[in-house]
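Visitor: sequence below, structure please.
(2 chains, ligands or ions: 2)
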Amino acid sequence: MSESKILVEVKDLHKSFGPLKVMDGLDFTLSQGENVAILGQSGTGKSVLLKVIIGLLDPDEGEVALWGRPIAELDEVELNSLRRKMGMVFQSGALFDSMTVYENLAFPLVETGVTDEEAISAVVRERLEWVNLAGAEDKYPSELSGGMRKRVALARTLAADPELILYDEPTTGLDPLTSRKISSMIHDIDERVKSTSIVVTHDLACARKVADRWCYLSGGKILADGTPDELFESDNQEVRGFLRDISVNPTTDSQAGPGASGTISSGKGS
Amino acid sequence: MKIFLTSVGNFGIFSGSVFTRISRKKVRFGELIRQMYRVGVDSLSVVDLCALFIGLVLVLQTSSLLARFGAEGQVATIVGAAFVREIGPVFAAIMFAGRVGTGVAAEIGSMVVTEQVDAYRAFGLDPVAKLALPRVIAMTVMLPALTAISCLVGITGGYLLAYSETGVLAAVYLDKALAAVTPVDVLGCLSKGTIFGLLIGLIATYSGFSTPKTTEGVGEATTRSMVNSVLVVLVADLILTKFFMLIG
Ligand SMILES: Nc1ncnc2c1ncn2[C@@H]1O[C@H](COP(=O)(O)OP(=O)(O)O)[C@@H](O)[C@H]1O
Ligand SMILES: [Mg+2]
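Guide: Ligands and ions are numbered 1, 2, ... in the order given. As a prediction, the model looks like this:
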């Protein structure tokens, strides 16, 4: 297997919700070992892109290939086995609130047929140590703080040993200190398990820490794709404006960023 | 009208998808037992309490009516037949829809809103098989059992009131109540319980899965589950009653 094996290839992706066009001919390629950050204002479709990649949403048009296999040609069983090579850390955490932290982490293992209790317990304990939550096994998600929930969500995704990890805004809604800790954790994890990752964020500190390639998403396309420095030097007014604005005032929600209107133009109903 | 037909269509597709998973043997035994236990524990007391009071009030009403014809002795006949044919299955189903159905709709609905259902799919798991199927089967199996118990409770409750009013002996009362019930009545009672349980299970899980991802979403889903369940149960009851009259 060569270093440049392509794990994700999205070609000419179109996706609309009613009159709202979210993806408009987007192309995106991700090779094994890459850690990419997807930047962009709120509501530009960053989460939609992740959900299309992991198969939670179907594209209207265009092609998504995972590990070189176009998903449109796969049946449900094949698709599910590909999904097990991927993990997604949801923006909300999406922890199972009827289960303890331990059960949340054990869940992907139990459901994929691991029956050895000791092996499960070892994995759960190790993953919790990775995210500095050893000892939280018996707590329920409702007893955890926002930052702890994000870390449990991270640990649960890691329990299944994914090769490709998708993170949806891992630091949004957290205080700066916790954000920094989570960013370091993601960085350490990428180092430790040599995972390929896509991190959706509008936290530049996080993007710097976890990714060496940045993509800027706007108007349903990747408007800029390159190293952080290349993006700061981009010819595109909007890209530079966004990065400047967000680095000057990182606490501002990116909704208020430059050119917030006009990127998605077609009839935003609500 | 178009919206109505679309949602009926989607409900049909959903129900079909639940059935195909049964045939693929995708249900875990442990989870099924857990759901059956929960369904039973959740609803046993409300269903029985409801049956008890209906039994009491039914005897109160009928005995005063029957007294006018000098037929107080026939109270047990009426209570027995009424409970097994209609009141038992229908009221158990309504209480069940209110207690268990709405609970399931709210549970799945909040899992949809908080992306837990998406998390199932992201792990390569099938939410219909994992979440809907064990609940639907548990509800289908448990409602007839609850219905049978509620008939017994209602008829017994009726006896307590009949005894205090007229001093009728238990043996006489029960004898009359049982004589009024034919094997076809019992079959009808249990079939109604099973079919209502299946319908409520499908409606509740469907309502849960189609929860809109908004703050009011879960509330809407539970209300829809309750209203649709009761309507569908009443329509089904009419059809089944006619059917069992024809074969009886
Ligand atoms: N399932 C859906 N149904 C309808 N509209 C959706 C859905 N998912 C996302 N959208 C819309 O698509 C747009 C992009 O959403 P999203 O990808 O969540 O943005 P973000 O870049 O902030 O993650 C938003 O306007 C959102 O309202
Ligand atoms: Mg998002």
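
Visitor: I'd assumed residue B:13 was in a helix, is it?
Guide: Yes. Assessed by DSSP: H, G, I helix; E, B strand; the rest coil, residue B:13 belongs to a helix.

Visitor: so who does residue B:144 touch?
Guide: For residue B:144, the contact set (CB atoms under 8 Å, 6 or more residues apart in numbering or on different chains) comprises B:189, B:190, B:191, B:193, B:194, B:197. Using the backbone N, CA and C atoms, a C-beta is placed for each residue, glycine as well.

Visitor: so what's the fourth one closest to, chain neighbours aside?
Guide: Yep, that's residue B:193 we're talking about. Take residue B:193 and drop its neighbours on the chain: the residue closest to it by CB to CB, 6 or more residues apart in numbering or on different chains is residue B:144, 3.2 Å away.

Visitor: is the most centrally placed residue in chain B in a helix, a strand, or coil?
Guide: Nearest to the mean C-alpha position of chain B, counting by CA atoms, centre = their mean, stands residue B:93 at 2.4 Å. Under three-state DSSP, residue B:93 falls in the helix class.

Visitor: so it is in contact with residue B:233, correct?
Guide: Yes. Residue B:93 lies in contact with residue B:233 (CB atoms under 8 Å); the separation is 4.7 Å.

Visitor: overlap in contacts of these two?
Guide: Common neighbours of residue B:93 and residue B:233, counting by CB under 8 Å, 6+ apart, are B:196, B:200.

Visitor: residues contacting residue A:65?
Guide: Shown in contact with residue A:65 (CB under 8 Å, 6+ apart): A:6, A:8, A:9, A:10, A:11, A:71.

Visitor: hey, what's the fourth one bridged with?
Guide: Read it as residue A:10. Here residue A:10 sits in beta bridges with residue A:28, residue A:64, going by DSSP bridges.

Visitor: got the contact list for it?
Guide: Residue A:10 is in contact with A:26, A:27, A:28, A:29, A:49, A:52, A:53, A:62, A:63, A:64, A:65, counting by CB under 8 Å, 6+ apart.

Visitor: neighbours of the third one, how many?
Guide: Just to be clear, that refers to residue A:28. When counting by other CB atoms under 10 Å in any protein chain shown, one arrives at 21 neighbours for residue A:28.

Visitor: swap in the fourth one?
Guide: Per other CB under 10 Å, the neighbour tally for residue A:29 reads 15.

Visitor: likewise for the second one?
Guide: Residues contacting residue A:27 under the criterion other CB under 10 Å number 13.

Visitor: please name the nearest non-neighbouring residue to it.
Guide: Spatial nearest neighbour of residue A:27, excluding adjacent residues (CB to CB, 6+ apart): residue A:11 at 5.8 Å.

Visitor: likewise for the first one?
Guide: Counting by CB to CB, 6+ apart, the nearest residue to residue A:26 once its immediate chain neighbours are dropped is residue A:13, at 4.3 Å.

Visitor: ok, which residues in the stretch 51-200 of chain A are in contact with chain B?
Guide: For the stretch 51-200 of chain A, the residues in contact with chain B (CB under 8 Å from any CB of the partner chain) are A:51, A:54-56, A:76, A:79-84, A:86-88, A:90-92, A:94-97, A:107-108, A:111-112, A:160.

Visitor: now the contacts of residue B:144: which count as buried?
Guide: B:189, B:190, B:193, B:194, B:197 (16 or more other CB atoms under 10 Å in any protein chain shown).

Visitor: give me the neighbour count for residue A:218.
Guide: Using other CB under 10 Å: residue A:218 sits among 21 other residues.

Visitor: next, give phi and psi for it.
Guide: phi -160, psi 140 (degrees, to the nearest 10).

Visitor: that one against residue A:39, yeah?
Guide: No. Counting by CB under 8 Å, residue A:218 stays clear of residue A:39, with 9.3 Å between them.

Visitor: show me what contacts residue B:143?
Guide: Taking CB under 8 Å, 6+ apart as the criterion, residue B:143 is in contact with B:92, B:93, B:96, B:193, B:194, B:196, B:197, B:200.

Visitor: at 6 Å what do you get?
Guide: Residues counted as contacts of residue B:143 (CB atoms under 6 Å, 6 or more residues apart in numbering or on different chains) are B:96, B:193, B:196, B:197.

Visitor: make JSON lines from those residues and add secondary structure and pLDDT to it.
Guide: Shown next, in JSON lines, are the contacts of residue B:143 (DSSP: H, G, I helix; E, B strand; the rest coil; pLDDT from 0 to 100):
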{"residue": "B:96", "secondary structure": "helix", "pLDDT": "96"}
{"residue": "B:193", "secondary structure": "helix", "pLDDT": "96"}
{"residue": "B:196", "secondary structure": "helix", "pLDDT": "97"}
{"residue": "B:197", "secondary structure": "helix", "pLDDT": "97"}
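
Visitor: good, we can wrap up now.
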